[in-house]
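> the amino acid sequence is not available; the structure is as follows:
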């Protein structure tokens with residue numbers, strides 16, 4: 001095979017992959033993440049940029065245990081919140097040193113929400129669309145206003161849909177003083 005044919009084949013494969021990713025993103029509704037051993041769905045329209053890898057965060061004294069501090073993310077200061085600790089799924093939060101590990105992952109809130117905040121999550125689990133989930137009929141206990149729904153996937157995994165706009169306006173979330 002000539003170099004020209006190999007280049008055309010490569011371009012064709014790349015074009016197919018690009019189209020497939022566009023199709024997947026068009027049908028996706030949520031970014032699926034895990035925090036504290038539970039699955040959460042973050043609306044794509046409310047989620048912003050994803051940051052992974054070694055991150056630098058400056059501790060702010062006298063703040064809630066779930067408030068890790070502030071980080072400079074692409075030239076903008078963001079508050080950093082350990083989602084699992086905020087939701088009461090873990091007793092102690094991550095340390096600033098933990099953010100500097102390769103596995104650290106932050107999801108910034110969409111700039112349209114006008115809240116410079118990023119959520120520390122344990123793991124990304126891909127994108128999810130409504131066609132992949134059904135409404136979960138289990139737990140009917142009261143839940144915070146930012147939990148918009150509870151869903152279940154084909155494997156039986158339960159996912160809690162978090163409204164990031166509602167979370168950003170939640171009184172407990174705004175009270176960072178410890």
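Alright, I've got the coordinates. Because the structure is predicted, anything quoted here is derived from the model rather than measured. Residues are numbered from 1 along each chain as shown.
> contact partners for residue 47?
Residues near residue 47 by CB atoms under 8 Å, 6 or more residues apart in numbering: 31, 107-110, 164. All C-beta spots, glycine's among them, are computed from the backbone N, C-alpha and C.
> out of those, who's nearest residue 157?
residue 31 (15.4 Å; CB to CB).
> list phi and psi for that closest one.
Backbone torsions for residue 31, taken as degrees, to the nearest 10, come to phi -100, psi 120.
> for the closest residue to it other than its chain neighbours, what are phi and psi?
Leaving aside its sequence neighbours, residue 31 sits nearest to residue 42 (CB to CB, 6 or more residues apart in numbering; 4.6 Å). Here is the backbone geometry of residue 42 (degrees, to the nearest 10): phi -110, psi 120.
> residues in contact with residue 42?
Residue 42 sits next to 30-33, 107, 162, 164 when contact means CB under 8 Å, 6+ apart.
> looking at these, which two lie furthest apart in space?
Across the contacts of residue 42, the longest distance by CB to CB is 13.9 Å; it joins 32 and 164.
> quick check, pLDDT for the one residue sitting closest to the centre of the chain.
Nearest to the centroid of the C-alpha atoms of the chain, with distances taken as CA atoms, centre = their mean, sits residue 107, at 4.4 Å. The score at residue 107 is 96. That number is its pLDDT.
> wait, isn't it in contact with residue 122?
No - under the criterion of CB atoms under 8 Å, residue 107 is not in contact with residue 122, lying 11.4 Å apart.
> what touches both of those two?
Shared contacts of residue 107 and residue 122, counting by CB under 8 Å, 6+ apart, come down to residue 33.
> quick one: residue 74 and residue 118, what's the gap?
Relative to residue 118, residue 74 is positioned 11 Å away (criterion: CB to CB, to the nearest Å).
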